[in-house]
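1. Show me the folded form of this:
(chains A and B)
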2 protein chains.
Amino acid sequence: MSKSKAKFIRSLQLRKYRQKYHKIVVEGIKILNELLDEYPECITTICVQNDWYTQYADSDSTSHEIIRVSEREMQQLTSFKTAPPVLAVVEPFFSHAQLEDVTSGLCLYLDAIRDPGNLGTIFRIADWFGIRSIFLSPDTVEPFNPKVIQSSMASIFRVKWAYAELKDLVSDTELTVLAATMDGKPMSDFGEMKNGLLVLGNESRGVSDEALNIATDCVSISGHMKLGAESLNVAVAAGILCAHFQLMSGES
Amino acid sequence: MSKSKAKFIRSLQLRKYRQKYHKIVVEGIKILNELLDEYPECITTICVQNDWYTQYADSDSTSHEIIRVSEREMQQLTSFKTAPPVLAVVEPFFSHAQLEDVTSGLCLYLDAIRDPGNLGTIFRIADWFGIRSIFLSPDTVEPFNPKVIQSSMASIFRVKWAYAELKDLVSDTELTVLAATMDGKPMSDFGEMKNGLLVLGNESRGVSDEALNIATDCVSISGHMKLGAESLNVAVAAGILCAHFQLMSGES
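-> As a prediction, the model looks like this:
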């Protein structure tokens, strides 16, 4: 592998280069195989360690190049501590969430989620529960971050998403906007949400004041607050709330 | 800071040295402040970056030494990518879960959980919902791993735990042992669990055959399996199931 190619791939760990070159990096056998099955035309380069080379050498595509690399070379390309067997350069693609999605189903609004692992896990949760659109505040971590892709298990390619200001999504004053907070009403007070937004806030600060002003109500997950943990991880809270609203919709 | 001291602290990232020296490392302001409040006698050394030094220099303890370090030195001590402001060497302590706990409340059994972030998050969930005991299969990651401590937000010091074989916990054949699987009964089929074990399995392989043989029933979280994600993250599944059983117990 040429030095310039390696430098180029490494540069894609940073958002500015992903935007400049309009390329992203996908790591690991499972996610890459999913892309090869479903979206092969988006793959431009596959870097594969020797031991796994034959698995990919036969793929009868002329649209992407395959580069055989050593473990040491892979170690220099990866954004993870452990070098994956395979890593690909991919044209970024996703389904764009639309403004009208909020009136036709329950959507998520992520207000400054900063941890890539949390964002990816929330995409995976949405995908699991059939939530088709996620809106992200401008200061939420980018879904094309390699660690988000990894922890989403490729759900960022299946669930629709878009960056948006919350206020631009709720021009309709009838819309339910439910903020997950520490002092809202118990989850069991809420029945089905046929449409609207569930707002999940930043890992340390929670939902912003601006979003709280727009919210029509607040929901909490009851715990033994006085005794134990101060809060739940935001992705876990997302999972619990999504499971509740799916159950209420009678879809389970 | 002496080279030998730095080497000693770095060695504690590995389980064998934690066991050899009977010391663990706790990183970050929030968790350390909790320890200083609640268990100051366990702290032997605090390493603090210059900018935060005054916060810790005044702590009127003679039981621990305080070492002022540069950011660069901290970078060499930490197990994280970003150097924390403060890091402490601590005598490990925890409340030992007892065999009889499984008959007096709902407990968790973790069957080969390997990701430190998942284990820590599950401790935080248990702490939040008032589950007081977690049992770990021998091949589950160690709670004293710095990344487990970090993601548990110190819950590993509050929730009782012990390593145990599942078969040794269920000598009583009346005990409910519920395994979380992909093809169990829907969660909504299950009411209150006054006692017993909820078994959560490995991130890739799920609950082991051995544990499935011991389980009295299997529970699943309904999703849109055919369309979307293949599975939920195990910590998210733990959160959803714990929230359900807490709701069923009428404690919410």
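2. Let me know the secondary structure of A:T140.
-> What DSSP: H, G, I helix; E, B strand; the rest coil gives for A:T140 is coil.
3. Over to it: give its phi and psi.
-> Phi and psi for A:T140, reported as degrees, to the nearest 10, are phi -80, psi 150.
4. got it, and A:N202?
-> Residue torsions, per degrees, to the nearest 10, at A:N202 are phi -60, psi 150.
5. Distance check, it against A:E27.
-> Per Cβ to Cβ, to the nearest Å, A:N202 is found 27 Å from A:E27. (Glycine included, C-beta is placed from N, CA and C.)
6. just A:T103 next, same as before
-> Taken as Cβ to Cβ, the span from A:T103 to A:E27 is 37 Å.
7. more neighbours, these two?
-> A:E27 (23 against 14; other Cβ atoms under 10 Å in any protein chain shown).
8. right, and the helix or strand after the helix-or-strand element of chain A with minimal mean pLDDT?
-> One helix or strand of chain A scores below all others by mean pLDDT, DSSP states H and E: helix A:53-57, with a mean of 84. Toward the C-terminus, helix A:53-57 is succeeded by strand A:65-69 as the next helix or strand (DSSP states H and E).
9. Residue ranges in chain A under the pLDDT threshold?
-> Scanning chain A for pLDDT under 70 picks out the ranges A:58-62, A:172-173, A:225-228, A:251-252.
10. now the helices: where do they sit in it?
-> A:3-11, A:15-21, A:29-38, A:53-57, A:71-77, A:101-104, A:116-129, A:146-152, A:166-169, A:209-214, A:234-248 (DSSP state H).
11. got those as a markdown table, with distance to chain B columns?
-> Below are those laid out as a markdown table (distance: least, Cβ to the nearest Cβ, whole Å):
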| stretch | distance to chain B |
| --- | --- |
| helix A:3-11 | 16 |
| helix A:15-21 | 17 |
| helix A:29-38 | 9 |
| helix A:53-57 | 18 |
| helix A:71-77 | 15 |
| helix A:101-104 | 16 |
| helix A:116-129 | 4 |
| helix A:146-152 | 8 |
| helix A:166-169 | 23 |
| helix A:209-214 | 22 |
| helix A:234-248 | 4 |
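12. Just say which of these is most tucked in.
-> helix A:116-129 (a mean of 27; mean count of other Cβ atoms under 10 Å in any protein chain shown).
13. How far does it sit from its chain's centre?
-> Distance, stretch centre to chain centre, for helix A:116-129: 5 Å (Cα atoms, centre = their mean, to the nearest Å).
14. could you say what helices and strands that helix packs with?
-> strand A:106-110, strand A:133-136, helix A:146-152, helix A:234-248, helix B:234-248 (3 or more Cβ pairs under 8 Å, 6 or more residues apart in numbering or on different chains; DSSP states H and E).
15. Contacts for the least confident helix or strand of chain A, please.
-> Contacts with helix A:53-57, where a contact means Cβ atoms under 8 Å, 6 or more residues apart in numbering or on different chains, come from A:46, A:48, A:66, A:68, A:86.
16. The closest residue to the third one other than its chain neighbours and B:V236, how far apart?
-> Closest residue to A:I66 apart from its sequence neighbours, by Cβ to Cβ, 6 or more residues apart in numbering or on different chains: A:I46 at 4.9 Å. Computed as Cβ to Cβ, the A:I46 to B:V236 distance reads 30 Å.
17. can you check A:E174 too?
-> Separation of A:E174 from B:V236 (Cβ to Cβ) stands at 31 Å.
18. ditto for A:R158
-> 17 Å.
19. cool, and A:G206?
-> Remark: distance between A:G206 and B:V236 (Cβ to Cβ) = 19 Å.
20. closest one to A:H224 among the helices and strands packed on helix A:116-129?
-> Closest to A:H224 of these is helix B:234-248 (Cβ to Cβ; 8.9 Å).
21. Show me what the closest one packs onto, helices and strands only.
-> helix A:116-129, helix A:234-248, helix B:116-129, strand B:177-186, strand B:196-200.
22. what sits against the residue nearest to A:I66?
-> A:32, A:56, A:64-67, A:86-88.
23. Which residue, other than its chain neighbours, is closest to A:K5?
-> By the measure of Cβ to Cβ, 6+ apart, the closest residue to A:K5 outside its immediate chain neighbours is A:I67, 7.5 Å from it.
24. Tell me who's in contact with that neighbour.
-> Here A:I67 is in contact with A:1, A:5, A:45-48 (Cβ under 8 Å, 6+ apart).
25. from those, which ones fall inside strands?
-> Cross-referencing the contacts of A:I67 against strands under DSSP state E gives A:45-48.
26. can you redo these as CSV with distance to B:L12?
-> Shown next, in CSV, are the ones in strands among the contacts of A:I67 (distance: Cβ to Cβ, whole Å):
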residue, distance to B:L12
A:T45, 40
A:I46, 39
A:C47, 35
A:V48, 36
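27. Identify, from those residues, the entry nearest to chain B.
-> Nearest to chain B among the ones in strands among the contacts of A:I67 is A:V48, at 20.8 Å by Cβ to the nearest Cβ.
28. What about that closest one, how many residues nearby?
-> By the other Cβ under 10 Å criterion, the neighbourhood of A:V48 contains 23 residues.
29. tell me which residues form a beta bridge with it?
-> Beta bridges link A:V48 to A:R68, A:V86 when assigned by DSSP bridges.
30. Ignoring the adjacent residues along the chain, who's closest to A:G250?
-> Spatially, and ignoring its direct neighbours in sequence, A:G250 is nearest to A:E192 (7.6 Å; Cβ to Cβ, 6+ apart).
31. list the contacts for that neighbour?
-> A:E192 is in contact with A:245, A:248-250, counting by Cβ under 8 Å, 6+ apart.
32. will you turn the helices and strands packed on helix B:234-248 into a markdown table that also has distance to A:S11?
-> Shown next, in a markdown table, are these (distance: least, Cβ to Cβ, whole Å):
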| stretch | distance to A:S11 |
| --- | --- |
| helix A:116-129 | 18 |
| helix A:234-248 | 29 |
| helix B:116-129 | 27 |
| strand B:177-186 | 39 |
| strand B:196-200 | 39 |
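33. and of these, who's closest to A:P138?
-> With Cβ to Cβ as the criterion, A:P138 lies closest to helix A:116-129 of the helices and strands packed on helix B:234-248, at 13.9 Å.
34. Report the backbone C-alpha coordinates of that closest one in CSV.
-> Provided in CSV are the C-alpha atoms of helix A:116-129 (Å, rounded to 0.1, in the frame of the first residue of the first chain):
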residue,chain,number,x,y,z
PRO,A,116,-19.9,8.0,19.2
GLY,A,117,-20.8,4.7,20.9
ASN,A,118,-24.0,6.2,22.3
LEU,A,119,-25.0,7.6,18.9
GLY,A,120,-24.4,4.3,17.2
THR,A,121,-26.2,2.3,19.9
ILE,A,122,-29.2,4.7,19.5
PHE,A,123,-29.3,4.1,15.7
ARG,A,124,-29.3,0.3,16.4
ILE,A,125,-32.2,0.7,18.9
ALA,A,126,-34.2,2.8,16.4
ASP,A,127,-33.5,0.2,13.7
TRP,A,128,-34.6,-2.6,16.1
PHE,A,129,-37.9,-1.0,17.1
